[in-house]
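Student: Next one to model:
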Amino acid sequence: MISSILSRLLKRWAQGQVLILTFHDILAEADPLQPEAIDLARFDMLLDWVQSHFDVVELSAVAREGQRFSNPSACLTFDDGYRSWVTRVMPRLVQRDLHATFFVSTSCLDTPSHWHDRAIELIRTLPSDAVPPLTGSSPALQTLNVSTPQARQHSAQQLQDRLKTLAPAERDQQLSTLEQHFRIATATTSLDRTGLRALAAAGFGIGAHTRHHPILSRIPFEAAKREILDSREELLTELRVPIEGFAYPNGKPGLDFNDRHVELVRESGFSYAVTTQSGSVSPTDDRYLLKRFTPWGHSPLACSRQVLSTLIRER
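Tutor: Okay, the predicted model is just below:
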């Protein structure tokens, strides 16, 4: 009964709007060190929910000026660059005949794993009595508590929060220091060039997400320019297909990027750009500030409540 009422309300409030859903890695199973990450079982549930409530449309079509959709519509997007996109995500999308757009941080194509996956594996494999070495006053190398499962989970998030604010070179250096000190092997989770070409060949959209995933507002403007332009050029060279879209790393307007970065993306040949500001998209929205959000619900009912709340709050 509640589900039926929510479905009707959702259809009413979503009329004329597009929801852009954002995902990252899709895990084989739930990971206690990544409580917010989405595993396969939950991903299947989310795809079922999306298909039962929305027409799944291509993001590039949404970004066209003045494009309108008569039915409640949704787009699927994925950020960063993971092997799971090829091994777990692509087969499910092909089976369901669903389109998606994948935003790639191109440095992943030449490295085994992303920095945040390295941070998680570091915390996962540290002995319970481990004390990371201090290097000067660097906050990323301060003592992390891994004495209990709960403390280990907190430290995984804490280390990622500390590292994400650093420039890519410093972030990598500090992770390497910890990995070498504790002799921890790097996990292999990144999308490679073969996987990237497979996604493009299957007809999915490919967009740029910088090279090293820095927070643009925290690095010099010229460095941000190179991150944006070089990522697009690398994808163009590799795939020989249009690279229309860009995703701002971290993605909060005014915090992680500013108006100068938006103008730079606009002038760099992209047709649109997506943020992580929560909300839906209407035909009159700025195509370089498209809103997205991650569906956190663990049930169809929870997902419907989340989206309905977002739509009502926007109005």
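
Student: all helices for the stretch 101-250 of the chain, in order.
Tutor: All helices of the stretch 101-250 of the chain, identified by DSSP state H, counting those that start in this stretch, fall at 115-125, 149-163, 168-182, 193-201, 221-239.

Student: Where does pLDDT dip in the stretch 1-150 of the chain?
Tutor: When the per-residue scores of the stretch 1-150 of the chain are filtered using pLDDT under 70, the ranges that remain are 1-3, 5-6, 13, 65-66, 131-143.

Student: If we use 90, what do you get?
Tutor: Applying pLDDT under 90 to the stretch 1-150 of the chain flags the ranges 1-17, 35-36, 63-72, 110-112, 114, 116, 122-123, 125-148.

Student: hang on, the earlier thing: mind checking which of the helices of the stretch 101-250 of the chain is nearest D44?
Tutor: Distances from D44 to each of the helices of the stretch 101-250 of the chain were compared by Cβ to Cβ, and the smallest falls on helix 193-201, at 19.5 Å. From N, CA and C alone the C-beta is placed, and that goes for glycine too.

Student: ok, the residue nearest to P72 when sequence neighbours are not counted to I312 distance?
Tutor: Distances taken as Cβ to Cβ, 6 or more residues apart in numbering put A14 closest to P72, at 3.5 Å, once the chain neighbours are dropped. When Cβ to Cβ, to the nearest Å is applied, the distance between A14 and I312 equals 11 Å.

Student: between the two, which one's more packed in?
Tutor: Set A14 next to I312 and count neighbours by other Cβ atoms under 10 Å: A14 wins out with 21 against 10.

Student: contacting residues around that one?
Tutor: Under the criterion of Cβ atoms under 8 Å, 6 or more residues apart in numbering, the contact list for A14 reads 53-54, 72, 280, 307, 311.

Student: surely S217 meets L255?
Tutor: Yes. Counting by Cβ atoms under 8 Å, L255 is a contact partner of S217 at 6.9 Å.

Student: Neighbour count: those two, which is higher?
Tutor: Set side by side, S217 and L255 show unequal neighbour counts under other Cβ under 10 Å, the larger going to S217 at 18 against 11.

Student: Let me know the pLDDT of that one.
Tutor: For S217, the model assigns a pLDDT of 95.

Student: what sits against it?
Tutor: For S217, the contacting residues are 255-258, 261, taking Cβ under 8 Å, 6+ apart as the criterion.

Student: same check, this time on Q51
Tutor: With contacts taken as Cβ under 8 Å, 6+ apart, Q51 has the following neighbours: 96, 98.

Student: Please identify the helix or strand for it.
Tutor: Taking DSSP states H and E as the criterion, the element that holds Q51 is helix 40-53.

Student: Can you pull out the low-pLDDT segments for the stretch 151-300 of the chain?
Tutor: Low-confidence segments of the stretch 151-300 of the chain, defined by pLDDT under 90, are located at 151, 155, 158-188, 282-284, 293-298.

Student: so which of the contacts of A14 comes closest to P300?
Tutor: P300 has its nearest neighbour among these in H53, at 8.6 Å by Cβ to Cβ.

Student: my guess is the closest one contacts K11, does it?
Tutor: Yes. Counting by Cβ under 8 Å, H53 sits close enough to K11 to count as a contact (7.2 Å).

Student: any shared contact partners between the two?
Tutor: Common contact partners of H53 and K11 (Cβ under 8 Å, 6+ apart): P72.

Student: Looking at the two, which is more packed in?
Tutor: H53 (20 against 13).

Student: Identify the residue spatially nearest to that one, adjacent ones excluded.
Tutor: Residue nearest to H53 in three dimensions, not counting chain neighbours: L10, with 6.0 Å by Cβ to Cβ, 6+ apart.

Student: now K11
Tutor: P72 (5.7 Å).

Student: thinking that neighbour is in contact with L9, fair?
Tutor: No. With contacts counted by Cβ under 8 Å, P72 stays clear of L9, the gap being 11.3 Å.
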